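K.L.:
Give the three-dimensional model of this entry:
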Amino acid sequence: MKIYLVGGAVRDQLLDREVIERDYVVVGATPAQMIALGYQQVGKDFPVFLHPESKEEYALARTERKNGHGYQGFDFFTSPEVTLEQDLSRRDLTINAMAMDEDGNITDLFHGTQDLKNRVLRHVSDAFIEDPLRVLRVARFTARYHNYGFQIAPKTMQLMQRISDSGELSHISAERVWKETVRALAENDADVYFSVLRECGALKQWFPEVDALFGVPQRAEYHPEIDCGIHTLMSLQQACKNNFSTIVRFAVLCHDLGKALTPADVLPRHIMHEQRGIEPVKALCKRLKVPRDFQQLALKVCEYHLLCHQLFQLKASTILKLLKSLDTFRKPEQVIYFAQACLCDARGRLNFEEKPYPQAEVLMHLAQQLANYKIEIPEGLQGKAIAEHLDRERSRWIADFMKEAKQTLSV
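P.N.:
From the prediction side, this is the model:
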């Protein structure tokens with residue numbers, strides 16, 4: 001029995017990148033031998049075991065054969081006779097198909113170290129096209145390693161395009177697409193994930209509402225980049241640059257979906273695009289089975305982001321209505337996420353990347369201070385009268401706060 005460190009742990013170690021997870025492949029062993037050594041079997045489709053102490057995953061070397069559609073349409077075969085080469089040959093990219101023994105010796109049968117050096121993401125074999133999930137994985141890897149200078153090999157991109165054209169992407173579960181997407185959103189260059197999906201034709205299949213934004217023009221005085229799709233990716237870049245959370249990044253991705261529905265005779269203006277965007281956001285979230293909190297924020301940002309931009313022109317009562325719509329008094333983090341997403345929208349434009357956007361800080365500070373503002377309830381008030389009293393007092397407080405803020409900022 002021989003044990004090898006494989007996949008991402010080897011790749012990241014060679015890149016001098018922090019290794020987060022370690023996976024191992026075991027050659028020459030049976031499930032009974034692993035269990036006798038104290039390993040706990042967890043794999044259903046093929047034998048995977050947890051180390052008795054570290055709980056890291058150890059998988060028996062295996063081969064696979066395509067037997068159906070999608071990324072789950074495979075038969076797996078494990079045996080002590082399956083070689084390390086056979087196991088590595090079924091992996092997606094050459095940089096993920098390296099193994100390291102306990103002495104630190106590298107087995108690199110598919111020239112992964114050379115591709116690491118040349119910053120190339122390249123498929124191991126033409127069997128790459130059998131698993132449609134690899135389209136999303138390669139897009140995610142491209143986002144993760146973009147700052148290292150990695151590019152997808154032309155032939156690999158051709159195979160990704162073939163997968164997209166084949167219809168196999170539709171056989172990936174929504175849960176798995178969302179899992180890959182939310183992991184990609186957490187990367188420093190999350191926008192690259194969507195650019196790659198668009199280049200290979202996958203964006204229009206799982207994210208048609210986002211894909212529809214590309215080629216739609218906007219007014220140059222507000223959006224020098226012109227294209228709505230480019231603006232969306234630039235806004236996402238801002239979310240990454242500011243290290244905002246994935247829930248904010250998803251909301252930024254969705255904030256302008258309504259612009260794809262603007263009537264042609266109105267372009268390049270986008271009147272009422274906030275309201276038009278509500279249904280596309282709902283459709284995208286339903287398709288991907290997006291978690292409820294992500295969906296709720298995306299809808300709020302879509303519908304109300306212009307109000308944040310116009311903050312210094314709004315009436316106090318409108319600001320209060322915005323805060324109540326964001327459920328600020330029960331979920332104070334909502335207004336923070338909302339303001340962060342609006343900041344990304346404001347700066348996700350050509351030559352606007354460093355433009356001051358005091359609206360975000362003012363709105364967050366206002367919400368925090370208002371939450372701590374104690375309002376006395378006069379005796380005798382009940383029900384609706386109490387709510388009306390609270391609204392009047394809060395509106396008065398907001399008016400005073402905004403007057404002072406505008407004076408301080410000379411707005």
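
K.L.:
Packing partners of the helix or strand that contains residue 298?
P.N.:
Secondary structure here is read from DSSP states H and E; on that basis residue 298 sits in helix 292-309. When contacts are defined as 3 or more C-beta pairs under 8 Å, 6 or more residues apart in numbering; DSSP states H and E, helix 292-309 packs onto helix 246-254, helix 273-276, helix 278-288, helix 316-325, helix 333-347, helix 358-371. Heads up, the C-betas are built off the backbone N, CA and C, glycines and all.

K.L.:
Among those, show me which one is buried the most.
P.N.:
Most buried of the helices and strands packed on helix 292-309, by mean neighbour count (mean count of other C-beta atoms under 10 Å): helix 246-254, with a mean of 26.

K.L.:
For the stretch 51-200 of the chain, which segments count as helices?
P.N.:
If DSSP state H, counting those that start in this stretch is used as the criterion, the helices of the stretch 51-200 of the chain fall at 84-89, 112-118, 133-144, 154-166, 174-185, 190-200.

K.L.:
Output those in a markdown table, with mean pLDDT appended to each entry.
P.N.:
Conversion of the helices of the stretch 51-200 of the chain to a markdown table gives the following (pLDDT from 0 to 100):
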| stretch | mean pLDDT |
| --- | --- |
| helix 84-89 | 92 |
| helix 112-118 | 97 |
| helix 133-144 | 97 |
| helix 154-166 | 97 |
| helix 174-185 | 98 |
| helix 190-200 | 98 |
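
K.L.:
Just want the angle from the one helix or strand residue 238 maps to to helix 133-144.
P.N.:
Secondary structure here is read from DSSP H and E; on that basis residue 238 sits in helix 228-241. Direction vectors for helix 228-241 and helix 133-144, defined by axes from the mean of the first three to the mean of the last three C-alpha atoms, to 10 degrees, enclose an angle of 60 degrees.

K.L.:
Now do helix 228-241: everything it contacts.
P.N.:
When contacts are taken as C-beta atoms under 8 Å, 6 or more residues apart in numbering, the neighbours of helix 228-241 outside the stretch itself are 187-191, 194-195, 198, 210-211, 213-218, 223, 225, 248-249, 252-253, 255-256, 259-260, 340-341, 343-345, 347-350, 353.

K.L.:
mind redoing it with 7 Å?
P.N.:
Contacts made with helix 228-241 from outside it, assessed by C-beta atoms under 7 Å, 6 or more residues apart in numbering, are listed as 188-191, 194-195, 210, 213-214, 216, 218, 223, 225, 248-249, 252-253, 256, 259-260, 344-345, 347-349.

K.L.:
Need the helices and strands packed on helix 292-309 in CSV (columns: mean pLDDT).
P.N.:
Output for those, formatted as CSV (pLDDT from 0 to 100):
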stretch, mean pLDDT
helix 246-254, 98
helix 273-276, 97
helix 278-288, 98
helix 316-325, 97
helix 333-347, 98
helix 358-371, 96
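
K.L.:
Now for residue 382, how many residues are close by?
P.N.:
Residues within reach of residue 382, counting by other C-beta atoms under 10 Å, total 7.

K.L.:
Residue 326 contacts residue 300, doesn't it?
P.N.:
Yes: proximity of residue 326 to residue 300 meets the contact threshold set by C-beta atoms under 7 Å, at 5.8 Å.

K.L.:
That'll do, ta.
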